[in-house]
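>>> no FASTA, just this:
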C-alpha cells in the first residue's frame, strides 16, 4: 500500500532527514598534549636599577638639505623636559621658541633666498645646556 503525501508533509520529512544527518555527525576526541619533562620554565631575576634619562635636543623640521619654498616657515624642535629652547640662524642672535603640544616651535618669516644653518639650545634644570646638531637647509622663493 502506497501513501500519498502532500507538499507540506514532504517538506517536513526532508527537514527531519537533514536534522538527523546533523545529529549523526561523529564526535572526535582530542587528546591533551603533556608538556615534556625537559621543558622547564626559566626563572628571571628582576632587579631595580635607577635609569638616568639622557637629555636630548633635536631639530625635527626643517630636515638637513631640505628646500623651503614659502615665505613663512615654522621650525619644530623636540627636547627632553627643559625650561627654555632657543634657535640661532647663521650664528647670529639666539631667539626664543614657544612650547605647544609636546614640541618647541619657532615661527620664521621675512627671510631672503639662500643657504642657512640652524642650531638650537635648551636650558635644562641646574643651568645646564644642551646644543643640537647644526641643520643646513636652503630657501628658494621662486
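Sure, I can see it. If you're wondering where the values come from, they're calculated on a predicted model, not measured in any experiment. Numbering: from 1, shown residues only.
>>> Give me the sheet partners of the top strand by length along the chain and which way each runs.
If you go by DSSP state E, the chain has its longest strand at strand 114-124. Sheet pairing of strand 114-124 (DSSP bridges) gives strand 84-89 (antiparallel), strand 128-131 (antiparallel), strand 135-139 (antiparallel).
>>> Pull the residues that contact the second one.
For strand 128-131, contacts defined as CB atoms under 8 Å, 6 or more residues apart in numbering pick out 55-57, 79-80, 82, 119-124. Heads up, the C-betas are built off the backbone N, CA and C, glycines and all.
>>> By neighbour count, which of the residues you listed wins?
Counting neighbours by other CB atoms under 10 Å, the top entry in the contacts of strand 128-131 is residue 120, with 25 neighbours.
>>> all strands for this protein, in order.
Counting by DSSP E, the strands of the chain are 57-61, 67-68, 72-79, 84-89, 94-96, 98-100, 103-109, 114-124, 128-131, 135-139.
>>> For the fifth one, which helices and strands make contact with it?
In terms of contacts (3 or more CB pairs under 8 Å, 6 or more residues apart in numbering; DSSP states H and E), strand 94-96 is packed against strand 84-89.
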